[in-house]
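Novice: Need a 3D model of the sequence below.
(chains A and B)
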Amino acid sequence: EDQVTQSPEALRLQEGESSSLNCSYTVSGLRGLFWYRQDPGKGPEFLFTLYSAGEEKEKERLKATLTKKESFLHITAPKPEDSATYLCAVQATDNAGNMLTFGGGTRLMVKP
Amino acid sequence: DSGVTQTPKHLITATGQRVTLRCSPRSGDLSVYWYQQSLDQGLQFLIQYYNGEERAKGNILERFSAQQFPDLHSELNLSSLELGDSALYFCASSGGLMRNEQFFGPGTRLTVL
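Specialist: Numbers count the residues shown, from 1 in each chain, chains lettered A, B, ... in the order given. From the prediction side, this is the model:
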C-alpha cells in the first residue's frame, strides 16, 4: 500500500526565515511526486511534479527536490502570503488510473 | 483559477437524504477524479473517470456513485447520508492517462445534520 508521511505537521516561521518541509513516501514504483498548496476552504493548487531522484524544480521562493525515499520543499525567505497548508502526493506505476495518495500536509504559518 | 468548476459550493442536508455534486473539468481534459477531504482522514481518492468510462476506484462507499457524461462533466451521487459524510468534496481533472498533473476545483462543502 502506498504511504505518504509529511513532517512537521505545523511550522511557524518569521518572515525571511528559510526552512524545509519533508515528505517521506513508500510506493512500489513511483510515477510522479506532486506538491500542492492549499488555503483554508479552497481546493489544492498545483505547484510541482517530480518524476525521478535528483530532479529539482523551482518557483519563486519554493524549490522542490526528490530522492528515492523522500522529497523536500525548501522555502527561501518566506513572506506572510506563503502561509498555507502544503500537501505532498504520490502517483504509483501500478495503479490502473492516476489516483493520487496524499500525505497529511504541513501547515505553514509565516509571521511578519 | 484552475479552470475546474464545481457546484454547489455549499450543501446542507439531513441524514438519510441523497445529494448530487457536479463538476466540469478544464477545457480539453478527459479525466475527472473525485476526492473527499475530512479533518481526520485528509484527502482521500474516491473514483476516476476517463472519457466517460470508470478508470479507477478508491475507498468509495457503496452508497456513493459517480458518472461522467458525453460532454465530460461528472456527477457524484451520495445517498443515505450519514453524519460522517460531512466533508469537502473535490473534483480534479487532467489531460490524459499517463503522469499528468491534476488540477482541483474549489470544492463542495457538504454538511449533514
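Novice: Spit out the contact partners of B:N77.
Specialist: B:18-21, B:64-66 (CB atoms under 8 Å, 6 or more residues apart in numbering or on different chains). Where C-beta positions appear, they are placed from N, C-alpha and C, glycine not excepted.
Novice: Which pLDDT value belongs to it?
Specialist: What the model reports for B:N77 is a pLDDT of 98.
Novice: Also B:D29?
Specialist: B:D29 is given a pLDDT of 92.
Novice: Convert stretch B:15-30 to CSV, retaining C-alpha atoms only.
Specialist: Written as CSV, here are the backbone C-alpha positions of stretch B:15-30 (Å, rounded to 0.1, in the frame of the first residue of the first chain):
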residue,chain,number,x,y,z
THR,B,15,-29.3,12.3,7.5
GLY,B,16,-30.8,9.7,5.1
GLN,B,17,-31.0,12.2,2.2
ARG,B,18,-29.5,12.0,-1.2
VAL,B,19,-27.4,14.7,-2.9
THR,B,20,-25.7,15.3,-6.3
LEU,B,21,-22.4,17.2,-6.7
ARG,B,22,-21.5,18.4,-10.1
CYS,B,23,-18.1,19.0,-11.7
SER,B,24,-17.0,20.5,-15.0
PRO,B,25,-13.3,19.7,-16.0
ARG,B,26,-10.9,22.1,-17.6
SER,B,27,-11.4,22.5,-21.3
GLY,B,28,-9.9,19.5,-23.1
ASP,B,29,-9.3,17.4,-20.1
LEU,B,30,-10.7,13.8,-20.4
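Novice: Show me which residues of chain A sit near chain B.
Specialist: By the rule CB under 8 Å from any CB of the partner chain, the part of chain A lying against chain B is A:31-32, A:34, A:36, A:41-46, A:49, A:51, A:87, A:89, A:91, A:95-105.
Novice: Which among these count as buried?
Specialist: Neighbour-count burial (16 or more other CB atoms under 10 Å in any protein chain shown) applied to the residues of chain A next to chain B gives A:31-32, A:34, A:36, A:42-46, A:49, A:87, A:89, A:91, A:95, A:97-105.
Novice: Tell me which entries of these lie within helices.
Specialist: Members of these lying in helices (criterion: DSSP state H): none.
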